[in-house]
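Participant: Okay, predicted coordinates and the sequence, questions at the end:
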Amino acid sequence: MHKIIVANYKMNGSKKLYRSIQNKLNKLELKDTELILCPPFLYVPFFKLSNSNIHLGVQDVSNTIDRKSTGQIKPEMLKEFGVEYSIVGHSERRILGETDELVNQKIKVLLSSGMTPILCVGEQSKDENLSIVIKQVKEAIKGIKSHFKLIIAYEPVWAIGTGELPSVQHVNEVARSLKKILNKLDVEYKILYGGSISNENFQDMAKADIDGFLVGGISLEVDKFIKIVKGIDNE
Ligand code: 13P
């Protein structure tokens, strides 16, 4: 089955690091796995991808195409540089004030220009109810009527960068609940898991009923990242 692995480089990296990542990833031979690399905006033009299984994404996008938006970047600009995806609603942006309403606006802006959103959702702490995640998804896609494509990354905030992971059963429960909502809509979707994925745990988590991973820290260690990609591709 077609798998997706998204690398969220966050505010990390340098020309030197991205050169080495790019050289190694361009040589990868993949059967049925798609990689989406999301560098900081500044490094986007630096990526020369010659591998048809690898695509470019970014970590955020403007919520409007209004010309009076100092500091924002809109999809039309990103598309000029070959960007096809954008992460939206990452918990590290929600902390800075990205509300469900802004997430919804950003998704609409992306879809109207033919880009695919990678929507991040997840509860803050282990004892929070699944309904938080459901609400985040419902609010994010509110008012979208026509056919659309969406990647959802379930990223429990307590699992990001902590080395702690939810159980496969828990991830399956989340995926099942999301599918119940999404299957009623005209949407082509994929569900990923993100949070502390490493070389030690990815095979276990791959048993969950998901379509791949959104990875943070490990994406900067390219040899370890490649092991995960190959492991998933060979499944
Ligand atoms: P880590 O893989 O470093 O836990 O980060 C996950 C994440 O936030 C990806 O968006």
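Facilitator: Perfect, thanks for sending it. Small disclaimer: the values here were computed from a predicted structure and weren't measured.
Participant: so Leu17, which of the three states?
Facilitator: Recorded secondary structure, Leu17: helix (DSSP: H, G, I helix; E, B strand; the rest coil).
Participant: Pick out the residue of the chain closest to the ligand.
Facilitator: Minimum separation of the chain from the ligand (Cβ to the nearest ligand atom) falls at Gly216, amounting to 2.3 Å. C-beta here means a position set from N, CA and C on the backbone, and glycine is covered the same way.
Participant: Pretty sure that residue sits against Ala159.
Facilitator: No: if you go by Cβ atoms under 8 Å, Gly216 and Ala159 don't touch, sitting 10.5 Å apart.
Participant: hang on, the earlier thing: the residue of the chain closest to the ligand - how many residues pack around it?
Facilitator: Neighbours of Gly216 under the rule other Cβ atoms under 10 Å: 21.
Participant: on that earlier part again, now for Gly216 and Ala159: what residues contact both?
Facilitator: Gly194 (Cβ atoms under 8 Å, 6 or more residues apart in numbering).
Participant: From the rest of the structure, what touches the helix or strand encompassing Leu178?
Facilitator: Using DSSP states H and E, Leu178 falls within helix 168-182. If you take Cβ under 8 Å, 6+ apart as the criterion, helix 168-182 is touched by 130, 133-134, 137-138, 150, 152, 154, 189, 191, 193, 204-205, 207-210.
Participant: Swap in 10 Å and give it another go.
Facilitator: Helix 168-182 has contacts (Cβ atoms under 10 Å, 6 or more residues apart in numbering) with 121-123, 126, 130-131, 133-134, 137-138, 141, 150, 152, 154, 156, 165-167, 187-189, 191-193, 195, 204-211.
Participant: Those, buried ones only, as a PyMOL selection?
Facilitator: With 16 or more other Cβ atoms under 10 Å as the criterion, this PyMOL line picks the buried residues out of the contacts of helix 168-182:
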select buried, resi 121+122+123+133+134+137+141+150+152+154+156+165+166+187+189+191+192+193+195+205+206+208+210+211
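Participant: what's the residue of the chain most remote from its centre sitting at in phi/psi?
Facilitator: In the chain, the residue that sits farthest from the middle, by Cα atoms, centre = their mean, is Lys68; the gap is 27.9 Å. In terms of degrees, to the nearest 10, the main-chain angles of Lys68 are phi -90, psi 70.
Participant: For the protein, what lies in contact range of the ligand?
Facilitator: 8, 90, 155, 160-161, 194-197, 214-218 (Cβ under 6 Å from any ligand atom).
Participant: Spatially, which two of the residues you listed are the most separated?
Facilitator: His90 and Ile218 (16.4 Å; Cβ to Cβ).
Participant: Between these two, which has more neighbouring residues?
Facilitator: Comparing His90 with Ile218 by other Cβ under 10 Å, the one with more neighbours is His90, at 28 against 18.
Participant: Next up, the contacts around the nearest residue to Leu102 once chain neighbours are set aside.
Facilitator: Spatially, and ignoring its direct neighbours in sequence, Leu102 is nearest to Asn63 (5.1 Å; Cβ to Cβ, 6 or more residues apart in numbering). With contact taken as Cβ under 10 Å, 6+ apart, Asn63 is in contact with 69, 72, 74, 88, 98-99, 101-110.
Participant: and Ser86, helix, strand or coil?
Facilitator: When classified by three-state DSSP, Ser86 comes out as strand.
Participant: who's it bridged to?
Facilitator: Counting by DSSP bridges, Ser86 is bridged to Val58, Pro117.
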